[in-house]
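Trainee: Sequence below, structure please.
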Amino acid sequence: MVKRGRTLVAGALLVAACSTTGTGPGAQPALIAFYSNRSGDFEIYLMNSGTGQLTNLTNHPGADFSPVWSPDGAKIAFGTYRDGPPEIYVMNADGTGQTRLTNNFAFDFDPAWSPDGAHIAFTSDRDSNDEVYVMNADGSGQTRLTTDSASDFEPRWSPDGMKIAFVSERDGNREIYVMKPDGTGLTNLTNNAASDFTPAWSPDGRKIAFASDRDGNLEIYVMNADGGAPTRLTTNTALDQSPAWSPDGRRIAFTSDRDGNYEVYVMNSDGSGQTRLTNDSAEDAEPSWRP
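Mentor: You can find the predicted model right below:
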């Protein structure tokens, strides 16, 4: 499956190694949303990592993808092709109340919630090329944040809500930038001839994990939030990408084809303990941990 020339690869997430969020008697099992074509269409699924129970949240011939949790864990925003070009929808965490937020004959995708749950950043090509936009959580007030002839995409809010990381091709290759939520204060965090993309903030906001092919093939890296101290976490001849932090910041899930097809793995945040989590012939992708 392809979004605007960026191939989405496989990965579903069963995190037996991280089966609960929080500690003590009231701790809840970790829930992971992801998309999969195991039913023949790309749909959004939910995995209970404590029991392994799998729930299909969407059921539509149009491809559904890119699930992201609201900060309170009550809703999931996602992209879908069910209306033609991709649009942003939101639904309750149990799959009910699926509601369209964007309505534009363009590509709207890559939703990302603000930490307070009041806004959703997203990517759109409604103004002729991919740019970063923001809207209220109900779909109102859609506003363009970036203005460049190159593509800007994959927005990700910092946990404190003060910055948005995103990917830009304005330097001739894919680099990771940050900006303020109003689009000002643009800063380039990576400066490499290779491609750097899919930024993912650590829960404490101190680190950003990302994918890069700077060492010859696609691997997972982590850097400080100011772009300093980039460190390679995976070392494999296969493609490793799509990092996603666990809510406690101790683990990073990622996708790899090191065993012949795309599956989801998990590792400690320092790159140790890389473990395969899924084993399915279908494409399972873009895991998103419930906060």
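
Trainee: Please pull out the lowest mean pLDDT helix or strand from the chain.
Mentor: Least confident helix or strand of the chain, by mean pLDDT, DSSP states H and E, is strand 6-7 with a mean of 40.

Trainee: how about the CA coordinates for stretch 135-145, as CSV?
Mentor: Taking only C-alpha atoms (Å, rounded to 0.1, in the frame of the first residue of the first chain), the coordinates of stretch 135-145 have been written out as CSV:
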residue,chain,number,x,y,z
MET,A,135,-7.4,21.4,12.5
ASN,A,136,-9.6,21.3,15.6
ALA,A,137,-10.4,17.8,16.8
ASP,A,138,-13.9,18.1,15.3
GLY,A,139,-12.5,18.9,11.9
SER,A,140,-13.1,22.6,12.0
GLY,A,141,-10.6,25.4,11.5
GLN,A,142,-8.3,23.6,9.0
THR,A,143,-5.2,25.7,8.6
ARG,A,144,-2.0,25.3,6.6
LEU,A,145,1.2,25.4,8.7
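
Trainee: hmm, who's touching that stretch?
Mentor: Identification of contacts with stretch 135-145 by C-beta atoms under 8 Å, 6 or more residues apart in numbering yields 70, 88, 90, 99-102, 113, 117-122, 127, 131-134, 155, 164, 179, 181-183. Yep, even glycine has a C-beta here, placed from its N, CA and C like the rest.

Trainee: The same query, at a cut-off of 7 Å, please.
Mentor: Applying C-beta atoms under 7 Å, 6 or more residues apart in numbering, the contact partners of stretch 135-145 are 101-102, 117-120, 127, 131-134, 179, 183.

Trainee: Just grab the bridge partners of the nearest residue to residue 156 once chain neighbours are set aside for me.
Mentor: Of all residues not flanking residue 156 in the chain, residue 165 sits nearest, at 4.6 Å (C-beta to C-beta, 6 or more residues apart in numbering). Beta-bridge pairing for residue 165 (DSSP bridges): residue 156, residue 178.

Trainee: Just give the number of residues close to residue 165.
Mentor: A total of 22 residues lie near residue 165 under the criterion other C-beta atoms under 10 Å.

Trainee: Now do the strands in the stretch 51-200 of the chain.
Mentor: When assigned using DSSP state E, counting those that start in this stretch, the strands of the stretch 51-200 of the chain occupy the ranges 54-56, 64-69, 75-80, 87-92, 99-100, 108-113, 119-124, 131-136, 143-144, 152-157, 164-168, 175-179, 187-188, 196-201.

Trainee: May I have the residues that are in contact with the residue nearest to residue 156?
Mentor: Contact analysis of residue 165 by C-beta under 7 Å, 6+ apart lists 156, 158, 176, 178, 199, 201, 208.

Trainee: and what of residue 205?
Mentor: Applying C-beta under 7 Å, 6+ apart, we find residue 205 in contact with 158, 159, 160, 225.

Trainee: Where does the prediction get shaky in the protein?
Mentor: Within the chain, the ranges that satisfy pLDDT under 70 run 1-29, 49-52.

Trainee: Filter the contacts of residue 205 down to the buried ones, ChimeraX style.
Mentor: To isolate the buried members of the contacts of residue 205 in ChimeraX, using 16 or more other C-beta atoms under 10 Å:
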select :158,159,225
